[in-house]
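Novice: Please work out how this folds:
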Amino acid sequence: MDNILNIKNPKYLADLISEQFKSQRLKQNITQAELAEKSGVSLGSLKRFENKAEISLKHLLQLAVSLDLAEFFYDIKSYSQEQSIDDVMELKQDKSRKRASKK
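Specialist: Predicted coordinates:
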């Protein structure tokens, strides 16, 4: 059962990601050897990822692209765009010119 304690546990998150990737690989009927070749990740690294949830970020992203799971990480982009209400209000109040216009 997912709860707030699991979400803050790095091992739990790593296992969850590993399980999702393995499940996607099996749904696509791709062997570990085929995925390793397709992604450029060594077979040993792929096996370690699926069994122990250990992998480098570079290899994780290579697997994500190869399995069409890149969107799995796309929500990360939204975190950099979050602003507090004070930040938004400050931007709305700042009407000063940022550059000159051509004459």
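Novice: Show me the shaky parts of this protein.
Specialist: Along the chain, the parts satisfying pLDDT under 70 run over 1-5, 77-103.
Novice: Now do the contacts for residue 28.
Specialist: residue 67 (Cβ atoms under 8 Å, 6 or more residues apart in numbering). The C-beta positions use only the backbone N, C-alpha and C, and glycine is treated the same way.
Novice: For the closest residue to residue 69 other than its chain neighbours, give me its contacts.
Specialist: Nearest residue to residue 69, sequence neighbours excluded (Cβ to Cβ, 6 or more residues apart in numbering): residue 24, at 5.9 Å. Taking Cβ under 8 Å, 6+ apart, we find residue 24 in contact with 67, 68, 69.
Novice: Was I right to think the first one contacts residue 23?
Specialist: No. Under the criterion of Cβ atoms under 8 Å, residue 67 lies out of contact with residue 23, with a separation of 9.9 Å.
Novice: Give me the more crowded residue out of the two.
Specialist: residue 67 (21 against 11; other Cβ atoms under 10 Å).
Novice: ok, now how distant is residue 23 from residue 11?
Specialist: Between residue 23 and residue 11 the computed distance is 18 Å (Cβ to Cβ, to the nearest Å).
Novice: pretty sure residue 46 is touching residue 32, no?
Specialist: Yes. The pair residue 46 and residue 32 qualifies as a contact (Cβ under 8 Å) at a distance of 5.4 Å.
Novice: So between those two, which is more surrounded?
Specialist: Neighbour count, other Cβ under 10 Å: between residue 46 and residue 32, residue 46 has more, with 22 against 16.
Novice: so which strand or helix has the closest residue to that one other than its chain neighbours?
Specialist: Nearest residue to residue 46, sequence neighbours excluded (Cβ to Cβ, 6+ apart): residue 36, at 5.0 Å. If you go by DSSP states H and E, residue 36 is part of helix 32-39.
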